[in-house]
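Novice: After the sequence you'll find the predicted model.
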Amino acid sequence: MTRGTKAWAAFFATCLVCVAVDAAVVGAAYLAAFILRFDFAEPSWGWRKVAISYLTVCAVHLISLMLCGCYRIAWRRIRATDLPRFAGAMVLAAAILTGMRFLMPDMMLAHIRPPYSITVICFFFATVGLVGVRWLWRLYWMSLQKEDELLERLEKKFDNSVAARYVTGRVVMVTGAGGSIGSELVRQVAAAGARRILMVERCENALYEINREMVRAKCAAALKPLMIDCGDRMRMDAVFAEEKPSLVLHAAAYKHVPMVELNPEEGWRNNTEATRTMAELSAAHGVERFVLISTDKAVNPVSVMGKTKLAAEQAIMEMNGACSVAAADKAAHSKTSFCAVRFGNVFGSSGSVVPLFREQIATGGPVTVTHPDMKRYFMTIQEAVSLVLQAASRSEKAIYTLDMGEPVRILDLAENMISQAGYRPYVDIPVIFTGVRPGEKLFEEIDVSEKSAFKTDMAKIYITRPS
């Protein structure tokens with residue numbers, strides 16, 4: 001049985017449960033109407049006929065709900081804009097029952113049509129009851145939803161006190177400061193007590209937004225927004241000479257695998273050569289610590305993006321003297337310590353599938369998944385930034401990796417996001433497969449086993465062994 005078939009089977013089973021609950025609600029409303037109308041006394045035609053007439057009343061209400069499309073709305077997705085639909089169904093039911101009473105006045109037919117007063121009272125009780133149970137279920141369901149559960153693991157918590165002490169009082173440069181990771185780095189570095197933050201970002205609007213946010217937050221650190229391409233050696237050299245940063249967090253990079261695949265020269269220039277430029281300038285100007293934001297796609301890369309990031313890692317490792325005698329001699333005259341941090345996909349960041357899925361769900365779908373077996377490692381922005389700050393505060397000239405648990409199947413992520421939005425996968429929102437794109441793997445590789453990595457004294461943080 002396919003996932004779609006299972007989803008539709010579950011949908012019909014859920015509809016049967018909904019119909020049963022609605023029948024109970026209508027029954028309670030109908031009984032309450034009689035109790036209120038006859039002041040807890042038994043009607044003249046007896047409770048037995050009241051019970052029989054309920055069958056008619058219930059059928060009319062359920063048919064009205066069905067005709068008005070109320071069963072197409074998942075309970076967890078009910079909103080204020082849906083209330084007219086339910087009110088309309090109840091008006092239709094009341095109109096049908098009133099018409100039955102008018103057209104069949106014979107008391108011998110009392111068991112199939114209720115009195116006018118009962119119909120009116122039942123209308124109000126049933127409307128409140130049917131909407132009320134759905135709204136209560138929505139509130140309960142929403143209380144259970146946590147976005148980080150989409151990771152299918154607990155979010156890693158880090159003690160950032162050591163990293164915060166390291167950052168306090170420093171001049172910190174953050175490249176790509178307007179991006180998802182870069183902007184969070186700016187926030188966390190400011191919170192840690194940096195004296196001055198150099199926000200390097202070539203996208204005008206992104207730089208404007210993070211600068212405005214930090215100003216409105218009354219950031220204690222001195223801020224300097226710098227609209228510069230970090231690959232511009234001349235301009236960046238002037239910034240290093242003037243500002244003298246002691247910590248560089250290099251997050252600027254192209255991250256969209258398909259786009260870099262189509263523009264390999266620009267990917268190499270921005271991801272690799274710009275990193276080399278930043279590393280050489282850091283060494284020349286006596287930066288104490290340089291942290292490169294890398295990716296799990298640099299492990300046995302098949303995409304251009306992965307290869308550019310691997311080359312960027314190799315470039316800074318050479319600056320540490322790890323790969324050549326000449327580079328080692330150069331590094332010996334510099335106090336700069338270089339390291340890289342490999343991320344999985346950052347959950348919710350620009351360029352990840354999460355914003356794409358949210359957009360597709362908001363427009364009613366379809367949600368597009370490249371392959372049913374596609375898997376990726378995910379980490380939250382908080383985890384990613386914590387890992388960067390931890391790496392910044394350490395002394396190893398190495399590549400750091402976070403143990404991110406088991407990879408997440410993208411199809412499962414898509415289905416869970418549809419469900420969290422209050423829709424039913426394959427029923428309310430279709431899921432379609434578009435095919436693996438150039439440069440993509442079905443599985444990314446993060447190996448933190450003993451043969452591939454050293455465990456550090458910080459939980460879940462590993463150092464990749466040299467290959």
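Specialist: Now that the structure is in, tell me what you want to look at. Numbers count the residues shown, from 1 in each chain.

Novice: got a list of what Gly364 touches?
Specialist: Contacts for Gly364 (CB atoms under 8 Å, 6 or more residues apart in numbering) come out as Ile429. Placement of C-beta: from N, CA and C, glycine included.

Novice: Just the pLDDT for it.
Specialist: The score at Gly364 is 88. That number is its pLDDT.

Novice: now do Tyr254
Specialist: Reported pLDDT for Tyr254: 92.

Novice: Report the distance from stretch 418-438 to the chain centre.
Specialist: 15 Å (CA atoms, centre = their mean, to the nearest Å).

Novice: tell me which residues of the lengthiest helix in the chain are tucked away?
Specialist: Ranked by residue count under DSSP state H, the longest helix found in the chain is helix 3-37. Within helix 3-37, the residues that count as buried by 16 or more other CB atoms under 10 Å are 7, 11, 18, 21-23, 25-27, 29-34, 37.

Novice: Could you list every helix and strand in contact with that helix?
Specialist: helix 46-67, helix 116-144 (3 or more CB pairs under 8 Å, 6 or more residues apart in numbering; DSSP states H and E).

Novice: distance between the last one and the chain's centre?
Specialist: So the one you mean is helix 116-144. 32 Å.

Novice: got the angle for that helix vs helix 46-67?
Specialist: 60 degrees (axes from the mean of the first three to the mean of the last three CA atoms, to 10 degrees).

Novice: can I see the domain layout of this structure?
Specialist: 3-144, 150-464 (automatic domain parsing).

Novice: Most tightly packed of the ones you listed?
Specialist: Ranked by mean neighbour count under mean count of other CB atoms under 10 Å, the domains of the chain are led by domain 150-464, which reaches a mean of 19.

Novice: returning to that earlier point: out of the helices and strands packed on helix 3-37, flag the one nearest Arg79.
Specialist: The closest of those to Arg79 is helix 116-144. By CB to CB, the value is 8.5 Å.

Novice: Now do that closest one, average pLDDT.
Specialist: For helix 116-144, the per-residue pLDDT averages 89.

Novice: That one vs helix 3-37, what angle?
Specialist: Going by the same axes, to 10 degrees, helix 116-144 makes 140 degrees with helix 3-37.

Novice: Dump the helices and strands packed on helix 3-37 into a markdown table; add distance to Asn160 as well.
Specialist: Compiled in a markdown table, these are given as follows (distance: least, CB to CB, whole Å):
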| stretch | distance to Asn160 |
| --- | --- |
| helix 46-67 | 53 |
| helix 116-144 | 29 |
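
Novice: closest to Met404 out of those helices?
Specialist: helix 116-144 (24.0 Å).

Novice: Where does the prediction get shaky in the protein?
Specialist: 1, 44-45, 105-113, 145-159, 322-334, 348-351, 445-453, 457-459, 465-467 (pLDDT under 70).

Novice: what's the spacing between Ala24 and Leu130?
Specialist: Going from Ala24 to Leu130 by CB to CB, to the nearest Å gives 11 Å.

Novice: Same question for Val299.
Specialist: Relative to Leu130, and taking CB to CB, Val299 is found at 54 Å.

Novice: what does Leu67 give?
Specialist: 14 Å.

Novice: just Glu415 next, same as before
Specialist: For Glu415 relative to Leu130 (CB to CB), the value is 28 Å.

Novice: and what of Val120?
Specialist: Taking CB to CB, one finds Val120 at 16 Å from Leu130.

Novice: can you check Gly27 too?
Specialist: 12 Å.

Novice: now do Ala414
Specialist: Taken as CB to CB, the span from Ala414 to Leu130 is 31 Å.

Novice: So Gly69 is in contact with Arg85, correct?
Specialist: Yes: using CB atoms under 8 Å, Gly69 makes contact with Arg85 at a distance of 6.3 Å.

Novice: quick one: secondary structure of Val248?
Specialist: Val248 falls in the strand class when you classify it by DSSP: H, G, I helix; E, B strand; the rest coil.

Novice: who does it bridge with?
Specialist: Met173, Phe290 (DSSP bridges).

Novice: Which stretches in the stretch 151-300 of the chain count as helices?
Specialist: Assigned by DSSP state H, counting those that start in this stretch, the helices in the stretch 151-300 of the chain fall at 161-167, 180-191, 204-216, 233-243, 257-262, 264-267, 274-284.

Novice: Could you point out which of the ones you listed sits nearest Thr380?
Specialist: Closest among the helices of the stretch 151-300 of the chain, once you apply CB to CB, is helix 180-191, at 9.9 Å.
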